[in-house]
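[1] Okay, sequence plus prediction incoming.
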Amino acid sequence: MANNQIHPTALIDSDATLGKNVSIGPYTIIGPEVTIGSNTIIENHVTIKGSTRIGESNTIGPYTSIGLPAQDKAHRNESTFVEIGNHNEIREYVSINRGTLGGTGVTKIGDHNQLMINTHFGHDVSVGDHCMVANSTTLAGHVQMGSYVVTGGMSGIHQFCRIGDYAMLGGYSVAYQDIAPYMLCTGYRAQLLGLNKIGLERNGFNSKSIQQIHEIYSIFFCQGLVPQKALDTLKKSLQPDPILDRFVNFVSDTNRGIISKV
């Protein structure tokens, strides 16, 4: 625990594991099964309990709770987990619940994510890397969010839904089905608006790649084809490559259906 800065009012269990250069603020509580990586900053009034592993160089804001039991009536406080990667910015009042034995058993947050104020990550949720989850977004149990995803404030994702890489869900929206990669959806019952073009450009997609995604969008969503026929048409019409494969693999694995145009 070399060079750690721990406020005298913080309660750190003697069995907790801290890396180097960890900073822990006033009135924070760290439980016995918690592991915190080096160079992580934990502000005041944070609670971290359960079997929780937090990586390096994270910042965790005031009044955040991590590793508390799932909000699931079937959950009986079994030994389940939270895993958080590196370089995440976790702001005030965020809640990240443990997994359940009825799910994967672990709630996972990847690397380089920005989790804004009052966001909630329910049991067995999985979040990739480089996501921006805006204020008061709620991810219900078992939600799977890919990488480079953006959500607007006050949005919600229904349990068991998935959001593909480079997709965006607009503010004050609710996703009841899966959001395909590269797409922009919004609305009380979210509907497809088109490509997440600005997000794609910001993440380095060139004009040729965006045109390819537009072709995918046109074939799958705009020709009135049933999903399986649309997938078959995509495979016949476009050359296989990582952009197409990401879309096809995601859509092929859906259980709740894909959000489409009105």
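    Arrived safely, thanks for sending.
[2] What values do phi and psi take at M132?
    With angles defined as degrees, to the nearest 10, M132 sits at phi -120, psi 110.
[3] Ok, S252 next?
    S252 adopts backbone torsions of phi -70, psi -30, taken as degrees, to the nearest 10.
[4] Not including adjacent chain positions, what is the nearest residue to it?
    Nearest residue to S252, sequence neighbours excluded (C-beta to C-beta, 6 or more residues apart in numbering): L231, at 6.5 Å. Yep, even glycine has a C-beta here, placed from its N, CA and C like the rest.
[5] Could you pull out the buried residues of the one helix or strand the one you found maps to?
    Assigned by DSSP states H and E, L231 belongs to helix 227-237. Buried residues in helix 227-237, counted by 16 or more other C-beta atoms under 10 Å: 230-231, 234.
[6] Sort out which one of the residues you listed lies nearest Q144 for me.
    Set against Q144, the nearest of the buried residues of helix 227-237 by C-beta to C-beta is L231 (19.8 Å).
[7] Does that closest one touch D253 like I think?
    No - L231 lies out of contact with D253 (C-beta atoms under 8 Å); the separation is 11.4 Å.
[8] quick revisit: with distance to Q159 added, can I get the buried residues of helix 227-237 in TSV?
    Converted to TSV, the buried residues of helix 227-237 look like this (distance: C-beta to C-beta, whole Å):
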residue	distance to Q159
A230	26
L231	25
L234	29
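[9] could you dump those residues to a markdown table with pLDDT and distance to S136?
    Listed next are the buried residues of helix 227-237 as a markdown table, based on pLDDT from 0 to 100; distance: C-beta to C-beta, whole Å:
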| residue | pLDDT | distance to S136 |
| --- | --- | --- |
| A230 | 95 | 34 |
| L231 | 96 | 35 |
| L234 | 95 | 36 |
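[10] tell me the domain ranges of this structure?
    Domain assignment for the chain by automatic domain parsing gives 5-142, 201-252.
[11] So which of those is nearest Q177?
    domain 201-252 (11.4 Å).
[12] Quick one: end-to-end distance for the closest one.
    Chord length of domain 201-252, first to last residue, is 26 Å (C-alpha to C-alpha, to the nearest Å).
[13] same deal with stretch 24-43?
    OK, stretch 24-43 end separation, C-alpha to C-alpha: 6 Å.
[14] So what's the gap between the lowest-mean-pLDDT helix or strand in the chain and the chain middle?
    Every helix and strand in the chain was compared by mean pLDDT, DSSP states H and E; the lowest is helix 227-237, with a mean of 95. With C-alpha atoms, centre = their mean, to the nearest Å as the basis, helix 227-237 stands 29 Å off its chain's centre.
[15] hmm, who's touching that helix?
    215-216, 219-221, 223, 225, 244, 247-248, 251-252, 258 (C-beta atoms under 8 Å, 6 or more residues apart in numbering).
[16] and the end-to-end length of stretch 190-199?
    For stretch 190-199, the end-to-end distance is 18 Å (C-alpha to C-alpha).
[17] quick one: it to chain centroid distance?
    Mean C-alpha position of stretch 190-199 versus that of the full chain (C-alpha atoms, centre = their mean) differs by 18 Å.
[18] average pLDDT for stretch 109-120?
    Averaging pLDDT along stretch 109-120 yields 98.
[19] try stretch 43-52
    The average pLDDT within stretch 43-52 is 98.
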